[in-house]
Each structure stands twice: as C-alpha cells, then as structure tokens.
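# quick one, structure for this:
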Amino acid sequence: MYKQLMALRQLSRRTFTSSASRQFENTVKEKQKLFQEDNGMPIHLKGGVKDVVLYRTTMTLTVFGAGYVVYELFSAAMPKKPQ
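As a prediction, the model looks like this:
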C-alpha cells in the first residue's frame, strides 16, 4: 500500500510540475526580424494568414455592429404609428 501511495505521489509531481516537459526552440529572433522588417505592411498584419483573417473578422463584426446600433437608435427614436 505504501509503495502504491509513493508511486502515486511521484506521478502527481510529474504531472503537475511547472517546468516544461519538452524543450521548444527559441524563435524570438526570427519573430523580431519579421515584425521589424520595413515592407510597408501594417504591424497587425505581419503575422500571416491567421492575423489577416482575425483582422477582417473583427472589422466586419465592428461595421455590422455599429450599423445595427444606428438602426436600433433610429427605430427607437421614431414613434410607432397607431393602427
């Protein structure tokens, strides 16, 4: 029973450790080179296709949201005609 408890304790320590189990390659220098390059592209689009899709989705939702707010304000400001 004691051996099983100690094995469980050791397994839980390995599972919940804060150190990385795998070492990742440091890509900070490559990212800095990419983002500091002067190629006329805005900084928020230099990350690739994922950034472009996220940017366009955000802009689309913002435009439609602003239009919907204006529509609701006008519909709330106009009195309903009694029938």
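# how distant is the helix ranked longest in the chain from the center of its chain?
For the chain, the longest helix by residue count, based on DSSP state H, is helix 49-77. Centroid displacement of helix 49-77 relative to its chain, using CA atoms, centre = their mean, to the nearest Å, is 18 Å.
# which helices and strands does that helix pack with?
Using 3 or more CB pairs under 8 Å, 6 or more residues apart in numbering; DSSP states H and E, no helix or strand is in contact with helix 49-77. (C-beta placed from N, C-alpha, C; glycine too.)
# averaged pLDDT, that helix. What do you get?
The pLDDT scores in helix 49-77 average 95.
# tally of neighbours for residue 46?
A total of 15 residues lie near residue 46 under the criterion other CB atoms under 10 Å.
# likewise residue 55?
Neighbours of residue 55 under the rule other CB under 10 Å: 14.
# give me the distance between it and residue 66.
16 Å (CB to CB, to the nearest Å).
# could you look up the SS state of residue 40?
What DSSP: H, G, I helix; E, B strand; the rest coil gives for residue 40 is coil.
# all good on my end, thank you.
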